[in-house]
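Q: show me how the following folds:
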Amino acid sequence: MDAVADVVVQDGRIAAIGTGLGEAERVIDATGLVVAPGFIDLHAHGQSIPADRMQAFDGVTTTLDLEAGVMPVASWYRRQAEQGRVLNYGAAVNWAFARIGAMVGTNEESSLEAFGRAMRDRRWMDNIATDAEMDGILDRIALGLSEGGIGIGILNAYAPGAGVQELTAVCQLAAERKVPTFTHVAYMARIDPQSAAEAYIRLIGYAGATGAHMHICHFNSSSKTDIARCYELVRKAQSQGLPITVEAYPYGTGSTVLAAAFFSDPEFEARNGLGYDSVQRVTDGHRFRDRNELMAAQSDDPSQLVLWHVLDIEHNERHRELLDMAVLYPDGAIASDAMPWSMPDGSTYTGEAWPLPEDATSHPRSAGCFTRFIRHWVRERQAVSLLEGIRKCSLIPAQILESSTPAMLGKGRLSAGADADVVVFDLETLTDRAEFTAMNRAAEGVRHLLVSGEPVIADGVLDLAARSGKPVRRPSITR
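A: Numbers count the residues shown, from 1 in each chain. Take a look at the predicted model:
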């Protein structure tokens, strides 16, 4: 809908849209502003109050951790409800932690720190699962789905040793339960063997062989400099009716933990066309000099967050074209891959300070993904229309999930009966402000943000007491 109209919000839902709709207890004057469904982030690892607040200024009303997911699922949702969340929240079931539990015997609750600790024992990363271990993996995932997990998060790149038989079984489980998988593809190199192209061929094969909905996480950073080849592979598979969906974020720089398996590859430089100086520690900005230094840092603190500078979009025209292919992928969603906020000692910040502490770091996409997309691709370059830009940030993400998660049928839309998750922004001033030298600058231009009809941002000011986020969760099965 593209029109001048009034929007009536009542009891957490949109009651009507039109003109001459009568009086209201409270009126928000949105004259000259864009009123849109709140943005839905399918790929957000922050999942905390400070992360929510930063994403609120990015126009986000629903923030989901689907690529990694969580484990155990029920206790995670319970903790979020107990502490209260600013934005709507939800998560998939974490395949990597199912592997860790079944193959190493470590049953810590999923977290960035626990992930780093688990990487000290590489069996779950490198080994093919035995039949007994595979049963344990599938049982853990099935339990998480029964507890309401939104599909299965498959961090395949962090456990590249996992076999095709195991991944096929995981996808068969997803197809049986009618839930999507959210996959960080196994390989990302530009050359064979174990190239990004090989990884996408596998993912396409899983979709065709099992019927599972395969969602590709961060298509840009998974494809590295081979985006054009991977684009053609995925488009052809989709044209043949395979259930594959795509997301991307508008940056040429990725972020991950230092202990990621792909950094340990002895042929890292040749296979990626990048030196070790492309890897930069988040907390102090240090770029690694060589493999020995990176390996030593991995051993010392495997859970440290790092940036990986892959596409030089500032100076390389071809790299800008490649990022365009990912970000503007037809019917692809925008998703941030927002990282947790870290302190100088490497700990995750979950405190109440606002603005965030000056020394809190993450990745600029954790503060300005959606606003960056709309500013650069919609307003400045007019590469897509405003309506299409909003669709990529709201309706498309909702549609990716709505067949498996009924709660999403009420999101991503401004229509009578939909959830009152609404962003009101000034298109002329909307902009991201976070940079790699100043990551925790909140975006500007969001004037109002409603979550379930409750104001989180009003006249550009954050309500520090706002805790109106609700769980997005599949119906649980009583066991």
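Q: quick one: contacts for the spatially closest residue to residue 119 that is not a sequence neighbour?
A: Nearest non-adjacent residue to residue 119, counting by CB to CB, 6 or more residues apart in numbering: residue 259, 3.9 Å away. In this view, the C-beta of every residue, glycine as well, is placed from N, C-alpha and C. For residue 259, the contacting residues are 116, 119, 298, 302, 303, by CB atoms under 8 Å, 6 or more residues apart in numbering.
Q: how about JSON lines for the residues you listed, with secondary structure added?
A: Shown next, in JSON lines, are the contacts of residue 259 (DSSP: H, G, I helix; E, B strand; the rest coil):
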{"residue": "116", "secondary structure": "helix"}
{"residue": "119", "secondary structure": "coil"}
{"residue": "298", "secondary structure": "helix"}
{"residue": "302", "secondary structure": "coil"}
{"residue": "303", "secondary structure": "coil"}
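Q: flag the least confident of the residues you listed.
A: Across those, the bottom pLDDT score, 84, is held by residue 303.
Q: correct me, but that residue touches residue 113?
A: Yes: Residue 303 lies in contact with residue 113 (CB atoms under 8 Å); the separation is 5.3 Å.
Q: quick one: which of these two has more around it?
A: residue 303 (20 against 16; other CB atoms under 10 Å).
Q: please report the distance of that one from residue 111.
A: Noted for residue 303: a distance of 9 Å to residue 111, by CB to CB, to the nearest Å.
Q: which parts of the stretch 101-250 of the chain are strands?
A: Here the stretch 101-250 of the chain has its strands, by DSSP state E, counting those that start in this stretch, at 152-155, 181-184, 214-216, 244-248.
Q: direction included, what does the second one pair up with?
A: The partner list of strand 181-184 in its sheet, established with DSSP bridges, is strand 152-155 (parallel), strand 214-216 (parallel).
Q: quick check: mean pLDDT of that strand?
A: 98.
Q: next one: it to chain centre, how far?
A: 11 Å (CA atoms, centre = their mean, to the nearest Å).
Q: so what touches it?
A: Under CB under 8 Å, 6+ apart, the answer for strand 181-184 is 42-43, 66-67, 69, 92, 151-158, 170-171, 174, 203, 206, 212-218, 222.
Q: over to the last one?
A: Here strand 244-248 makes contact (CB under 8 Å, 6+ apart) with 42-43, 180, 203-204, 207, 213-220, 234, 237-238, 326-327, 329, 331-335, 397, 400.
Q: name every strand pairing with that strand and say which way it goes.
A: Note on strand 244-248: by DSSP bridges, its sheet partners are strand 214-216 (parallel), strand 333-334 (parallel).
Q: circling back: now which of the contacts of strand 244-248 would you call buried?
A: By neighbour count, with 16 or more other CB atoms under 10 Å, these hold 42-43, 180, 203-204, 207, 213-220, 234, 237-238, 326-327, 329, 332-335, 397, 400 as buried.
Q: neighbours around residue 318, how many?
A: Neighbour count for residue 318, taken as other CB under 10 Å: 12.
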